[in-house]
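[1] Fold the following, please.
(3 chains)
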Amino acid sequence: MKSYRHELLFEVPGRRDFINITSDVEKCIAESCVKEGLCLVNAMHITASVFINDDEPGLHHDYEQWLEKLAPHEPVSQYRHNGYEDNADAHMKRQVMGREVVVAITDGMLDFGTWEQIFYGEFDGGRKKRVLVKIIGE
Amino acid sequence: MKSYRHELLFEVPGRRDFINITSDVEKCIAESCVKEGLCLVNAMHITASVFINDDEPGLHHDYEQWLEKLAPHEPVSQYRHNGYEDNADAHMKRQVMGREVVVAITDGMLDFGTWEQIFYGEFDGGRKKRVLVKIIGE
Amino acid sequence: MKSYRHELLFEVPGRRDFINITSDVEKCIAESCVKEGLCLVNAMHITASVFINDDEPGLHHDYEQWLEKLAPHEPVSQYRHNGYEDNADAHMKRQVMGREVVVAITDGMLDFGTWEQIFYGEFDGGRKKRVLVKIIGE
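    Residues are numbered from 1 along each chain as shown, chains lettered A, B, ... in the order given. Model (predicted):
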């Protein structure tokens, strides 16, 4: 069995953003030399997500609006978590979008449907954050 | 290490449906001859889900109503994604219900609690769609 | 390839609670003797979650309030699932928080970011429940 580990690094200037990391994960799979296996991609922070959906700016705008409706940032005083911080909403948005994805590797490639793309979802930016890529297989 | 790959095919006539795929996944596990391992089951489309819950028609009705409340289909003009399409709500419903499940294989069987059942969740039907089953183990 | 399986047992007296199970999972990883691999941790019940977030009581209070807003317990008659039961809301809360997490094992340790902690989320307590820990790797 082979295993592989790599960290992707992010520093989103604003509070929220969606970043396509599909080609980064593909590079990891190539470097791992794993032909058949599973690849875990997870946010190492609890106010960020890794998820799979469409790379379409209109949809990302809709996600932003929708998540803000489900878990509003303001008023920050509505959340007990917001004593020294103001990011309680980010902990909720991250639960809706998910912490991680597990993707299949087949013939050394990401085994994906036509429109699947992997995204890093930042909900509390302005500082350095990491995503873990862990691969096992043969 | 053994690996196994299979696609399940769907064509839901209406817009939305939940389909129990537990026995299909069990067939895959049997075919794989894997006794100890992990099995990934994921939608290959971004307007569909794979999730684990109860096979109870009342609950599925409740999910349908609840998801429609969290991410309404109408008015379609509320979503910027809906330029040429009308399925933005499906991309949101899929995030709530999830893209994938990872399940354990123990002694060659699905290692499940009493009421766990695997479902395909369609949120934008009327066309052919696929689910990937990928197994690794020994 | 090595594999390992263990069940964690819970009996939450009230209806809902969040329990930190990180050290239990760490014990499983140590017992498995797996140095590089993947660890699946999943609720074996469909009204409970396993998720990763912050061990901060204010946030857990916020989650409780937020989930109750997204999927209210009362009135129980609003859900068709609630014929003989009153736990339809628990099936929804569990979908928002998730059934499972997959975590990486690197150098025999849980490969985690600084604030990541694993929780069992109970949404329909008062009875015995189980969480499965399944590890594969080398």
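[2] Now residue A:19. Nearest residue, chain neighbours left out?
    Spatial nearest neighbour of residue A:19, excluding adjacent residues (C-beta to C-beta, 6 or more residues apart in numbering or on different chains): residue A:120 at 4.5 Å. Glycine gets a C-beta too; all of them are placed from N, C-alpha and C.
[3] Now do the longest helix along chain A: which elements does it pack against?
    Ranked by number of residues, the top helix in chain A under DSSP state H is helix A:57-70. For helix A:57-70, the elements it packs on are helix A:88-97, helix B:88-97, judged by 3 or more C-beta pairs under 8 Å, 6 or more residues apart in numbering or on different chains; DSSP states H and E.
[4] that older thread, touching, the residue nearest to residue A:19 and residue A:48? I think so.
    Yes - Residue A:120 is within contact range of residue A:48, at 6.8 Å (criterion: C-beta atoms under 8 Å).
[5] so what sits against both of those two?
    Common neighbours of residue A:120 and residue A:48, counting by C-beta atoms under 8 Å, 6 or more residues apart in numbering or on different chains, are A:10, A:131.
[6] Can you name the residues of chain A that neighbour chain B?
    Applying C-beta under 8 Å from any C-beta of the partner chain, we find that chain A lies next to chain B at A:1, A:36-38, A:51-54, A:56, A:58-59, A:61-63, A:66, A:70, A:96-98, A:101-104, A:106, A:111-116, A:136-138.
[7] Run through who's touching the strand or helix carrying residue A:6.
    Using DSSP states H and E, residue A:6 sits in strand A:2-11. Strand A:2-11 is contacted by residues A:19, A:21, A:24, A:28, A:31-34, A:37, A:44, A:48, A:120, A:122, A:125, A:127-138, C:36-37, C:104, C:106, C:111, C:137-138 when judged by C-beta under 8 Å, 6+ apart.
[8] On the pLDDT front, check the closest residue to residue A:107 other than its chain neighbours for me.
    Distances taken as C-beta to C-beta, 6+ apart place residue A:35 nearest to residue A:107, at 6.3 Å, with adjacent residues excluded. The score at residue A:35 is 98. That number is its pLDDT.
[9] List the residues that contact the residue nearest to residue A:62 when sequence neighbours are not counted.
    Excluding its sequence neighbours, the residue lying closest to residue A:62 (C-beta to C-beta, 6+ apart) is residue B:79, at 4.6 Å. By C-beta under 8 Å, 6+ apart, the contact set of residue B:79 is A:58, A:59, A:62, B:88, B:89.
[10] Backbone dihedrals for residue B:79, both of them.
    phi -110, psi 130 (degrees, to the nearest 10).
[11] pLDDT weak spots in chain A?
    By pLDDT under 70, chain A contains no weakly predicted segment.
[12] Centroid-nearest residue for it?
    Geometric centre of chain A, nearest residue: residue A:50, 1.8 Å, by C-alpha atoms, centre = their mean.
[13] helix or strand for it, which one?
    strand A:48-53.
[14] I'd guessed residue A:60 sits against residue A:18; true?
    Yes - when contacts are counted by C-beta under 8 Å, residue A:60 is listed as touching residue A:18 (4.9 Å).
[15] Quick check: which helices or strands does the strand holding residue A:50 pack against?
    Against strand A:48-53 (3+ C-beta pairs under 8 Å, 6+ apart) you get strand A:37-43, helix A:88-97, strand A:100-106, strand A:117-122, strand A:128-137, helix B:88-97.
[16] Quick check, the residue in chain A closest to chain C?
    Relative to chain C, the nearest point of chain A is residue A:44 (3.0 Å; C-beta to the nearest C-beta).
[17] Do I have it right that that residue meets residue C:110?
    No - look at residue A:44 against residue C:110 with C-beta under 8 Å: they stay out of range, at 11.6 Å.
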